[in-house]
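Novice: Just need the structure, nothing else, for what follows:
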Amino acid sequence: MKLSRDQLLSMYRQMWTIRFFEDELAAAYMEGKTPAFDIGSGPVPGEMHLAAGQEPVAVGTCAHLKKQDTVVGTHRPHHFAIAKGVPLDKLAAEIFGKETGLGRGKGGHMHLFDVEHNFSCSGIIGAGFPPACGAALAAKKMGKDWVAVAFAGEGAANQGSFHEALNLAALWQLPVIFIIEDNSWAISVPKGKSTSIPDNSTRAAGYGIPGVRVDENDTLAVYEVLGEAVARARRGEGPSLIEVKTDRYYGHFQGDPELYRPKDEVSQLKANDPIQKLASQIMAQGAATQAELDAARDAAKADVAGAMEFARTSPYPAPEQALENVFV
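Specialist: Next comes the predicted model:
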């Protein structure tokens, strides 16, 4: 699939937006949490799961999606939200627990919900598969060509909800794509000690649907594979299962001592940084100059700085709002 210059620059800018957003959150999260780590202190209390290094999965996929398409993310959701078009300022404000956030500060970073952009996520492992099937079923019944995408980590592919959702989607020929992010670690457990097969995409055969693995953390490779999966779903030909090998630069959560990882693993992963890879690919195609790439990077950095400032200066919800906008 041939990408235009503008599309390539947009994807490159998105990659940097995600990276800057995650790195800024990593710094903000640790404020007030040292020297003794206290999960409840600082401007961003609670758990935090960051996706730096995993940008290709989100950007390469969402480049094919329309606003009406549904994306269901994971407990590590920011890269999906940004790639789907969720406003950075509202996203940041929600993570900081502010009234101007997506959920008025009540959801936090694992419970993001944006009706306008059809984005949601969940802190429960494997919980995104069934809702994606529901969105796909709704689109099918309404006669729309909308698709749904469910993301999950490789550990979630061992959950019952994964297999139940694949079976139902295949049986009903739903326009849904299941995408597994294989970052090699299910929290601290390596894939080889938790999963009986090395490639989850082969499980698609058990449900009579296409399964493809992308072996490199490469944005354009993800884009190419997802192009066919999304087009197939829009044509009414049913679901697909994609697994992408990707890399997690931070720990499972912020504050994770990462004692399970080889000491040099992250530095080796960063030697093949997907943002630099995309830059090289764009330059090799003659699609943009270094100055244009630098301008896209600078614009992404400015966008993130603005979102963080908005989040920090927004008000907290009033105490009495705790009982508003909730189910009773």
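Novice: any chance you could map the strands in this structure?
Specialist: 70-72, 113-114, 119-120, 148-153, 176-182, 185-186, 189-190, 211-214, 240-245 (DSSP state E).
Novice: mind listing what the longest one pairs with, with the direction of each?
Specialist: The one in question is strand 176-182. strand 148-153 (parallel), strand 240-245 (parallel) (DSSP bridges).
Novice: and those strands, which is most packed in?
Specialist: strand 148-153 (a mean of 28; mean count of other CB atoms under 10 Å). Quick note: C-beta positions are derived from backbone N, CA and C, even for glycine.
Novice: pretty sure Ala186 contacts Gly155?
Specialist: Yes - the pair Ala186 / Gly155 is scored as a contact, 2.7 Å apart, by CB atoms under 8 Å.
Novice: any shared contact partners between these two?
Specialist: Common contact partners of Ala186 and Gly155 (CB atoms under 8 Å, 6 or more residues apart in numbering): Ser194.
Novice: what's the neighbour count on Cys184?
Specialist: You called it Cys, but residue 184 is Ser. Ser184: 17 surrounding residues under other CB atoms under 10 Å.
Novice: my bad, should have said Tyr223
Specialist: Applying other CB under 10 Å, I find that Tyr223 has 22 neighbouring residues.
Novice: For Ser196, see how far away the nearest residue to it once chain neighbours are set aside is.
Specialist: Spatial nearest neighbour of Tyr223, excluding adjacent residues (CB to CB, 6 or more residues apart in numbering): Gly60 at 4.1 Å. Look at Gly60 and Ser196: by CB to CB, to the nearest Å, they are 28 Å apart.
Novice: what does Gly103 give?
Specialist: From Gly103 over to Ser196 (counting by CB to CB), the distance is 38 Å.
Novice: Test my guess that Phe21 contacts Val86.
Specialist: No - between Phe21 and Val86 there is no contact under CB under 8 Å: 11.0 Å.
Novice: quick one, helices of the stretch 51-200 of the chain?
Specialist: 55-62, 78-84, 88-95, 129-141, 160-172 (DSSP state H, counting those that start in this stretch).
Novice: can the strands of the chain go into a markdown table with extra columns for mean pLDDT?
Specialist: Shown next, in a markdown table, are these (pLDDT from 0 to 100):
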| stretch | mean pLDDT |
| --- | --- |
| strand 70-72 | 98 |
| strand 113-114 | 96 |
| strand 119-120 | 98 |
| strand 148-153 | 98 |
| strand 176-182 | 98 |
| strand 185-186 | 94 |
| strand 189-190 | 94 |
| strand 211-214 | 98 |
| strand 240-245 | 98 |
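Novice: Lovely, talk soon.
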